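K.L.:
Starting from these lines, generate the structure:
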Amino acid sequence: MSTQQKDLSYFRLRLQELLNTSFPEKAHDQKFIDQRSSWAANAYEGAFSSGNAIEQCNEIANYILFEGLHFSKFDTIFQVVCNEFDTIMADEELRPFALKMLPVSEPVFAQYELTDDFAYNTEYDLLYTELTGTIAIWIEENGLQ
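P.N.:
Have a look, this model is predicted:
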């Protein structure tokens, strides 16, 4: 296996892990995964060939690999579900319920400009409150199912 193929596999696995955990809506988008992994591997190889230190090569590749993937809608919903609704469902039900709430919460997210550093923005607290209300209303109308 060539170095390029090893790098590509490494970046693909790292990206897939992040998507499975925090971006389940993108976890099966093979075109996205292939493209990002390839770009990161090429950037790493180019940076290395240019004489950069390994740490710098990794930094460059990671920037490309994870661009736009620092703020997760799913992680935010999961945090709301765990913090606000954990007393009404079992621990093993929290993640599946948060996944179910992802499409329900889209209209709330659409009201905000979600940047990579949005979680550190003052509007985050408002988003959190609106998500809590949206989920509470959904549970009231539909039950936990």
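
K.L.:
Just give the nearest non-adjacent residue to residue 139, would you?
P.N.:
Among residues not flanking residue 139 along the chain, residue 85 sits closest, at 7.2 Å (CB to CB, 6 or more residues apart in numbering). Any C-beta I mention is one placed from the backbone N, CA and C, and that applies to glycine too.

K.L.:
I should have written residue 25 there, sorry.
P.N.:
Nearest to residue 25 is residue 102, by CB to CB, 6+ apart, at 6.5 Å.

K.L.:
what ranges of this structure fall below the confidence cut-off?
P.N.:
Scanning the chain for pLDDT under 70 picks out 1-8, 145.

K.L.:
Let me know the outermost residue of it.
P.N.:
residue 51 (31.9 Å; CA atoms, centre = their mean).

K.L.:
Outside of the helix or strand hosting residue 57 itself, which residues are in contact with it?
P.N.:
Using DSSP states H and E, residue 57 sits in helix 54-65. Applying CB atoms under 8 Å, 6 or more residues apart in numbering, the external contacts of helix 54-65 come out as 11, 14-15, 36-37, 39-41, 43-44, 47-48, 52.

K.L.:
Just the buried subset of those residues, please.
P.N.:
11, 14-15, 36-37, 40-41, 43-44, 47-48 (16 or more other CB atoms under 10 Å).

K.L.:
tell me which of those is nearest to residue 115?
P.N.:
Checking the buried ones among the contacts of helix 54-65 against residue 115 by CB to CB gives residue 36 as the nearest, at 18.4 Å.

K.L.:
picking up where we left off before, who touches the residue nearest to residue 139 in this structure?
P.N.:
So residue 85 contacts 94, 97, 135-136, 139 (CB under 8 Å, 6+ apart).

K.L.:
Max pairwise distance over the contacts of helix 54-65: which two?
P.N.:
Largest separation among the contacts of helix 54-65 by CB to CB: 15 and 52, giving 21.2 Å.

K.L.:
This completes my enquiry, with thanks.
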